[in-house]
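Engineer: what follows is a protein structure lacking sequence information:
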């Protein structure tokens, strides 16, 4: 433990320490099995239990009923950029895309390969510093779906509430998945790659409303067909078994010591406030990227008054055990990713360093 | 160590013990990094080194030059069933498919979704107990490629040499990858999922001949475009970092203590002979599935004279610490998967159990 640092990576991100410790303890042999979780058949009784409990915990955490199906798939968020239109956007149809940052901007062109992706709003002109209000969105009531990204990891802007739309919502929730309670009744597809809040890279969790799933196209390649994954209970082929096992351990940790998603949301809001309060107290020194009412609880983005100060901040942060704070090149500056697994102590350490650095500069 | 059993699973399969031990030791913090390998950015200097050495080791093991590109992708072998024709089979073109077992049989229908998959040979009539001779194959000299499966995991039949063809070969080598040296000059695509010989589930290694890669179609979805993965150095998006790290450790183990692929091949042939010798000595008791000159060095498939004996064999094997020996339901009986990571001691223990079981029955 002593050699571990505080890790603010945007993803693959820090994992809960108790989860890593359990995985480490059992890595050579699951108790009562005598083999590593990486070495057992995905159709064995042992993996049946892992997969079954993982889905049950997810359903309990999000309050999902039988009207939603769950699929564990591979390929990361970007594979979903394509799988969503491959399944749900016909050649003669159109879908509405809200572009609030790097990820939604990348998603729309993939949809254009299937049908028409209509960009109904983009924050490009102001370098994606906010999300739109509902009044700004002129939505197509005939759209196949409305696509948005609940939290833009790179820019640090987040929707407080999903856009108001009459059509089904499709949401990339990769970087705020399981960070707060959510009513998924309006969502046709709600997906997240795991490597921010839910496990290692290589797993994506896709939640599909069953009536929406029925609208998918036919004749799809098997591995690109959400319906086939759902019918096969996420075992159309060998799933990423170790990543699903870690996802299971994380859901246990969320349900148990973390107290469920309402408590997790409060925990995350308090952590984010520790940093935003410093930014707001010195707005000429810490130049926040996102506008105040769109700021992310997951990714806190800011710059210092000069590139030279940014560099000094990053170098001195590492000397203080605070790692992977560099902002993405498209925004620059600093980005502190403080997902569920970031302990309050880590955020306090960063807050104290920010205050000290400011006072010395 | 003492609690580990001998694991004959066809996949996800047993991993080399020294690899698991190193991964366990460093799971909470890579030496000198202070974070788990699962928690570092895929664009960090630390992961640069992991990915770079993994590819360099693979190239060294297989003797690959600049005329071949390497891509680490997700989705398992079945995603490659689709990615191959999505990239290389035009709507008005045809590819030749050799169907020698369950996996090649599943690959052909995915190709039919893009162009025409012409099945040039199938072993279906004899339940896939052999591979064809070159004389049996009437190949199309205009085919976009010739597709085959070098080792059929379920049936236990293996090509000693690839089919003679004038067109580029496309090979699913999932279950005999890195088990022997190979000249890849005739292969347009050579791919394997990792979970048999090369790591945990969730990673596939794709080797592409650069001149063949140039023939791919345009306008593909980014994540389905081999060219985009190659151009991005396998970081088009976040790759499965932990699986790539384990793949790196396995390549180090193959190069170092295992002595390279020529030595590995000898080791595997000797292990397989231990079991086939028992089968050949009692052909009325151990009913081998594959014909003698097509038998796999990786998956040894046989039945006993009755289902009841099969069941007793499996139950008693577990009592002797020999696990996951049940054959696939489409073949039945017993399947002993003895990939690179299966130590000679494990095969000897199974051989001794087979002899003892036969003598008692």
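Structural biologist: Nice, thanks for sending it over. Since the model is a prediction, treat every value here as computed from it, not as a measurement.
Engineer: okay, CA-based contacts and neighbour counts for the rest of this
Structural biologist: Will do.
Engineer: list the buried residues of stretch A:217-235.
Structural biologist: Neighbour-count burial for stretch A:217-235, with 16 or more other CA atoms under 10 Å in any protein chain shown as criterion, is recorded at A:220-230, A:233-235.
Engineer: do the same with stretch A:36-54
Structural biologist: Within stretch A:36-54, the residues that count as buried by 16+ other CA under 10 Å are A:36-42, A:47, A:50-51, A:53-54.
Engineer: any idea of the mean pLDDT in it?
Structural biologist: Summarised as a single mean, pLDDT over stretch A:36-54 is 97.
Engineer: ok, and what's touching that stretch?
Structural biologist: A:26-30, A:33, A:235, A:238-239, A:241-242, A:244-245, A:247-248, A:251, B:7, B:9-15, B:200-201, B:324 (CA atoms under 8 Å, 6 or more residues apart in numbering or on different chains).
Engineer: and the residues you listed, which of them are buried?
Structural biologist: Among the contacts of stretch A:36-54, the ones that count as buried by 16+ other CA under 10 Å are A:27-30, A:235, A:238-239, A:241-242, A:244-245, A:247-248, A:251, B:7, B:9-15, B:200-201, B:324.
Engineer: which ones among those residues lie within helices?
Structural biologist: Per DSSP state H, helices hold the following members of those: A:241-242, A:244-245, A:247-248, A:251.
Engineer: tell me the one among those residues nearest to chain B.
Structural biologist: Nearest to chain B among those: residue A:241, at 6.2 Å, using CA to the nearest CA.
Engineer: not counting sequence-adjacent ones, nearest residue to residue A:180?
Structural biologist: Using CA to CA, 6 or more residues apart in numbering or on different chains and skipping residues adjacent in sequence, the residue nearest residue A:180 is residue A:265, 4.6 Å away.
Engineer: quick one: pLDDT of that neighbour?
Structural biologist: Residue A:265 is assigned a pLDDT of 98 by the prediction.
Engineer: the helix or strand it falls within: what's the following helix or strand?
Structural biologist: If you go by DSSP states H and E, residue A:265 is part of helix A:261-281. Downstream of helix A:261-281, the first helix or strand assigned by DSSP H and E is strand A:287-288.
Engineer: what are the pairing partners of that following strand, and which direction each?
Structural biologist: According to DSSP bridges, strand A:287-288 has the following sheet partners: strand A:299-303 (antiparallel).
Engineer: any weak-confidence spans in chain A?
Structural biologist: Residues of chain A meeting the criterion pLDDT under 70: A:1-2.
Engineer: where do the strands of it begin and end?
Structural biologist: For chain A, applying DSSP state E gives strands covering A:6-7, A:68-73, A:94-99, A:116-122, A:146-149, A:151-152, A:157-158, A:169-172, A:187-193, A:204-209, A:287-288, A:299-303, A:322-323, A:334-337.
Engineer: turn those into TSV, including distance to residue A:357.
Structural biologist: Output for those, formatted as TSV (distance: least, CA to CA, whole Å):
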stretch	distance to residue A:357
strand A:6-7	17
strand A:68-73	43
strand A:94-99	35
strand A:116-122	35
strand A:146-149	33
strand A:151-152	27
strand A:157-158	25
strand A:169-172	35
strand A:187-193	34
strand A:204-209	38
strand A:287-288	14
strand A:299-303	13
strand A:322-323	13
strand A:334-337	13
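Engineer: near chain B at all, stretch A:14-24?
Structural biologist: Yes: using CA under 8 Å from any CA of the partner chain, we find that stretch A:14-24 touches chain B at A:14-15, A:17, A:20-21, A:24.
Engineer: how about that stretch: buried residues?
Structural biologist: By 16+ other CA under 10 Å, the buried positions in stretch A:14-24 come out as A:14-16, A:19-20, A:23-24.
Engineer: still on that earlier bit, so which of the buried residues of stretch A:217-235 are also by chain B?
Structural biologist: Among the buried residues of stretch A:217-235, proximity to chain B is found for A:220-223 (CA under 8 Å from any CA).
Engineer: select, from the residues you listed, the two members most distant in space.
Structural biologist: By the measure CA to CA, A:220 and A:223 form the most distant pair in these, at 8.3 Å.
Engineer: for the residue lying closest to residue A:198 once chain neighbours are set aside, give me its contacts.
Structural biologist: Closest residue to residue A:198 apart from its sequence neighbours, by CA to CA, 6+ apart: residue A:247 at 5.6 Å. For residue A:247, the contact set (CA under 8 Å, 6+ apart) comprises A:54, A:194, A:198-199.
Engineer: what about these, which one has the most neighbours?
Structural biologist: residue A:198 (32 neighbours; other CA atoms under 10 Å in any protein chain shown).
Engineer: do I have it right that residue A:144 meets residue A:89?
Structural biologist: Yes: using CA atoms under 8 Å, residue A:144 is in contact with residue A:89, at 6.4 Å.
Engineer: how distant is stretch A:338-348 from the center of its chain?
Structural biologist: Centroid separation for stretch A:338-348 versus its chain: 16 Å, with CA atoms, centre = their mean, to the nearest Å.
Engineer: that stretch near chain B at all?
Structural biologist: No: contact of stretch A:338-348 with chain B (CA under 8 Å from any CA) is absent, the minimum separation being 11.0 Å.
Engineer: and the end-to-end length of that stretch?
Structural biologist: Start to finish, the residues bounding stretch A:338-348 are 11 Å apart (CA to CA, to the nearest Å).
Engineer: just stretch A:18-36 next, same as before
Structural biologist: With CA to CA applied, stretch A:18-36 spans 18 Å between its terminal residues.
Engineer: how far away from the center of its chain is it?
Structural biologist: 26 Å.
Engineer: likewise stretch A:246-254?
Structural biologist: Per CA atoms, centre = their mean, the centroid offset for stretch A:246-254 relative to its chain is 15 Å.
Engineer: gap between residue A:203 and residue A:227?
Structural biologist: Taking CA to CA, one finds residue A:203 at 18 Å from residue A:227.
Engineer: for residue A:14, same thing?
Structural biologist: Applying CA to CA to residue A:14 and residue A:227 gives a distance of 32 Å.
Engineer: quick check: the gap between residue A:276 and residue A:336.
Structural biologist: 11 Å.
Engineer: residue contacts, the residue in the stretch 251-361 of chain A that chain B sits nearest to?
Structural biologist: Nearest residue of the stretch 251-361 of chain A to chain B, counting by CA to the nearest CA: residue A:324, 7.9 Å away. With contact taken as CA under 8 Å, 6+ apart, residue A:324 is in contact with A:7-10, B:41.
Engineer: what are the phi and psi values for it?
Structural biologist: Per-residue torsions, residue A:324: phi 60, psi 40 (degrees, to the nearest 10).
Engineer: can you check residue A:166 too?
Structural biologist: phi -80, psi -20.
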